[in-house]
Every structure is written in C-alpha cells, then in structure tokens.
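Trainee: what's the 3D shape of this:
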Amino acid sequence: MNVGVCKLSLRMPENASLKDKRRVLKSLTSRVSNKFNVAVAEVDNGDKWQLATIGICCVSNDHRHANEIMSKVVAFIMSNHLDAEILDYDIEIIPVS
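Mentor: Have a look, this model is predicted:
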C-alpha cells in the first residue's frame, strides 16, 4: 500500500476577507475531492485572508498510480482555478507495509 501526500501553498490575491477565502477553498476542495476521489483539507494559514495551505491525500496499491494522481491534482488546480495560484507544492509517496 502507498499513500500519496501533497502539500500545496496557495495565494488568493483578490480575497478581501476570510469569507472570500472560505468560498474559494470550499469550491476548490470540493471540486478536487469529487474529481479525483482524494481527501482534501486546509492545514495551515487559517487566519490569513490571501494565503492557504491545503493537504491532499490518496491511497493506492501502486507507487506510480499514487504519484500520477497527485500530479494530476496539481495540474488541475494550476489550469482550472484562476482565483488561486500555486506558490509551492510538495508531493511525497509513502510506502506502508
């Protein structure tokens, strides 16, 4: 079993309040979760209006498949979510025995 983990740092320059941030993150997390069947949650920068860090996780029986899913999630966010830009991301595949 392999666990794919991705940590994404996002910037949302048009947000003027935490309410705007929640709206953007709710849309992004639900779309990613529904499209790729992964777990998504905000994990840091909860009190900053224009910054967010989200964690994404998937479980697979194949190392390459887990990496492919995480890469597709990052590409999806880069290409389809114009109100949130990716500042940095880190993908890690953890083998579990």
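Trainee: thought Lys7 was touching Thr53?
Mentor: Yes - with contact defined as Cβ atoms under 8 Å, Lys7 reaches Thr53; the gap is 6.5 Å. From N, CA and C alone the C-beta is placed, and that goes for glycine too.
Trainee: any residues in contact with both of those two?
Mentor: Common contact partners of Lys7 and Thr53 (Cβ atoms under 8 Å, 6 or more residues apart in numbering): Val43.
Trainee: the more surrounded of those two?
Mentor: Thr53 (18 against 15; other Cβ atoms under 10 Å).
Trainee: nearest residue to the more buried one other than its sequence neighbours?
Mentor: Asp44 (3.7 Å; Cβ to Cβ, 6 or more residues apart in numbering).
Trainee: neighbours of the one you found, just the number please.
Mentor: By other Cβ under 10 Å, neighbour count at Asp44 equals 13.
Trainee: With Ala52 instead?
Mentor: By other Cβ under 10 Å, the residues close to Ala52 number 25.
Trainee: And it, what's its pLDDT?
Mentor: According to the predicted model, the pLDDT of Ala52 comes to 91.
Trainee: Just checking: what are the partner strands of the helix or strand encompassing it?
Mentor: Remark: Ala52 resides in strand 51-60, with elements defined by DSSP states H and E. Strand 51-60 pairs in its sheet with strand 2-11 (antiparallel), strand 39-44 (antiparallel), by DSSP bridges.
Trainee: Can you say which of these is nearest to Asp90?
Mentor: strand 2-11 (4.9 Å; Cβ to Cβ).
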